[in-house]
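*Asks:* I would like the atomic coordinates for the input below:
(one chain, ligands or ions: 1)
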Amino acid sequence: MNPISYLKTGVIHCDDNKKVLAEIPSDCIDLIYLDPPFFSNRKYEVIWSDEAEVRSFDDRWQGGIQVYTAWMRERAIELHRILKPTGSLYLHCDWHANAHLRVMLDSVFGAKNFQNEVVWYYRGGGVSATRWGRRHDTILFYTKGKDWTFNVDPVRTEYSESVMKSKPSRYDKSYRKNKVYSGYRPNPLGKHPDDVWPIQPLMPSDKTERLGYPTQKPEALLERIILASSNKGDIILDPFCGCGTAIAVAHKLDRAWLGIDISPTALGIMQRRMEKIGASVDLEGLPVTEDDLRKLRPFEFQNWAINRINGTHSPRKSGDMGIDGYSFMEQLPVQVKQSGAGRVTVDTFETAIERSGNNKGYIIAFSFTKDAREEVARVKAEKGMEIELVEVATLVNAPPDKITPELSDLFPALPKDFLGLPLPPPRSKAARPSLEELVRSDKAPRLADALD
Ligand SMILES: C[S@@+](CC[C@H](N)C(=O)[O-])C[C@H]1O[C@@H](n2cnc3c(N)ncnc32)[C@H](O)[C@@H]1O
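*Replies:* Numbers count the residues shown, from 1 in each chain. From the prediction side, this is the model:
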């Protein structure tokens with residue numbers, strides 16, 4: 001069987017890429033771009049937008065560079081196996097580990113298959129009084145064999161002004177005079193691209209591309225790689241896809257694609273990004289059982305719980321005031337615990353609810369002790385405050401609007417069996433206002449203004 005016929009594309013896997021890669025057939029991917037953690041020994045964390053979701057990944061390594069390189073090597077061996085014989089790989093890194101990764105890739109791909117060390121040169125970032133400003137990342141380009149795709153024309157660059165000013169006739173003249181002919185003529189399609197790419201990084205003020213994911217790369221960078229090293233219909237894989245820059249560009253350029261990331265939060269962002277550009281996406285490996293949820297990192301679990309109830313994330317950092325988010329519609333405080341919850345949890349949450357000026361809230365946890373339930377009853381009896389205890393199992397099994405209000409809670413006057421507001425019958429054409437009437441009514445004083 002042709003291996004490509006059973007490789008499913010249009011999928012983003014949520015798992016350790018080592019596991020997913022092991023299941024991909026050999027020799028079936030045309031182009032791999034990977035942007036792994038850089039061995040920066042930092043934790044990248046962004047609290048993003050009005051929803052204040054924590055978006056984070058850890059780049060801290062115990063055991064030093066040898067441990068990191070061995071970790072990358074295991075993945076590089078799999079990546080080499082799944083590449084087509086004509087395939088290419090671009091590994092994005094920086095000064096922290098590029099020397100080690102180059103040696104490691106030389107041994108996996110063969111030094112003769114090293115093609116380029118691309119320098120992505122950018123503006124911005126800090127300066128140091130004691131050394132040169134660090135203004136570039138390194139992208140190591142390897143091929144699997146001796147034949148590969150390289151489309152020069154779509155990635156040609158502009159000639160410098162001085163070259164453009166010099167007309168071909170000048171070369172002719174020099175040829176006639178000095179009898180030295182370089183054979184050089186500016187190509188009307190543009191200059192042959194070199195290995196230094198000045199491309200702007202995404203600025204904090206960027207409104208079009210920026211998604212608030214740590215270390216998000218600009219689409220322009222991925223466009224160059226994908227246009228040069230693949231053709232329409234080829235399969236592109238990004239095994240560390242973050243917020244999905246490579247797969248989004250692959251889709252826009254009519255390539256098939258496949259992504260992997262270990263973070264469920266990243267998958268949520270990618271799903272929205274891909275759907276926005278009209279791609280249909282299959283998400284695989286997202287946590288579904290209670291066991292999966294227990295294993296998530298705390299911020300991932302909190303994001304899952306708040307998103308599951310269609311809530312909003314607390315604008316403060318997790319743990320502040322004991323409020324991790326607010327429920328859908330009613331905006332009532334929610335606390336999330338990736339464990340069981342007892343009396344103390346209820347007590348501190350009671351204070352948090354009071355400080356927030358509410359009289360109701362929800363605690364989401366895996367289980368609640370008898371003490372916790374008794375405390376909830378006491379708070380209700382003494383203060384009339386309602387604390388609802390929501391078990392994770394209920395959220396796993398029930399629809400996501402489990403703790404959203406019923407219509408009858410919001411509008412107590414509605415009869416219990418009310419199913420929703422009936423739509424008014426459509427108006428006949430004659431009964432609809434004319435354009436002039438609409439303009440006139442828009443200029444008329446508003447009812448609210450008249451009542452003020
Ligand atoms: C530098 S970011 C990638 C950013 C991406 N290029 C973009 O433009 O959004 C690295 C990503 O690797 C993911 N990651 C780290 N370890 C992983 C693993 N073992 N398997 C899959 N993904 C992993 C992190 O969750 C993070 O999203």
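
*Asks:* buried set for stretch 140-157?
*Replies:* Neighbour counts over stretch 140-157 (16 or more other CB atoms under 10 Å) mark 140-144, 148-149, 155 as buried. Quick note: C-beta positions are derived from backbone N, CA and C, even for glycine.

*Asks:* do stretch 26-43 as well
*Replies:* If you call a residue buried by 16+ other CB under 10 Å, then stretch 26-43 has these buried ones: 28-39.

*Asks:* and Ile29, what are its phi and psi?
*Replies:* phi -110, psi 140 (degrees, to the nearest 10).

*Asks:* contacting residues for it?
*Replies:* 82-84, 87, 235-237, 258 (CB atoms under 8 Å, 6 or more residues apart in numbering).

*Asks:* which one of those residues sits in the busiest neighbourhood?
*Replies:* Sorting the contacts of Ile29 by how many neighbours each has (other CB atoms under 10 Å) puts Leu237 first, at 31 neighbours.

*Asks:* partners of that residue in the sheet?
*Replies:* The partner list for Leu237 in beta bridges (DSSP bridges) reads Ile32, Leu258.

*Asks:* my read: Ala220 touches Leu202, true?
*Replies:* No: at 9.9 Å, Ala220 does not count as touching Leu202 under the criterion of CB atoms under 8 Å.

*Asks:* comparing the two, which shows the higher neighbour count?
*Replies:* Leu202 (20 against 14).

*Asks:* OK, contacts around that one?
*Replies:* So Leu202 contacts 209-210, 216-218 (CB under 8 Å, 6+ apart).

*Asks:* circling back to that earlier point, now, among the buried residues of stretch 26-43, which is nearest to the ligand?
*Replies:* Asp35 (3.6 Å; CB to the nearest ligand atom).

*Asks:* quick one: is stretch 129-148 near the ligand?
*Replies:* No: Stretch 129-148 lies out of reach of the ligand by CB under 6 Å from any ligand atom, never closer than 10.5 Å.

*Asks:* tell me, what's the model's pLDDT at the residue in the stretch 201-350 of the chain positioned nearest to the ligand?
*Replies:* Nearest residue of the stretch 201-350 of the chain to the ligand (CB to the nearest ligand atom) works out as Gly242 at 2.5 Å. For Gly242, the pLDDT comes out at 95.

*Asks:* tally of neighbours for it?
*Replies:* With other CB under 10 Å as criterion, Gly242 counts 25.

*Asks:* and the strand or helix carrying Leu395, average pLDDT?
*Replies:* Leu395 belongs to helix 392-397 when elements are defined using DSSP states H and E. Taken as a whole, helix 392-397 has a mean pLDDT of 90.

*Asks:* what's the answer for stretch 72-88, then?
*Replies:* Per-residue scores along stretch 72-88 average to 98.

*Asks:* close to the ligand, is the longest helix along the chain?
*Replies:* Ranked by residue count, the top helix of the chain under DSSP state H comes out as helix 64-82. No: Helix 64-82 lies apart from the ligand when judged by CB under 6 Å from any ligand atom; the minimum separation is 7.7 Å.

*Asks:* next SSE after that helix?
*Replies:* Counting by DSSP H and E, what follows helix 64-82 is strand 83-93.

*Asks:* quick check: mean pLDDT of the very next helix or strand once past that next one?
*Replies:* Downstream of strand 83-93, the first helix or strand assigned by DSSP H and E is helix 98-109. Averaging pLDDT along helix 98-109 yields 98.
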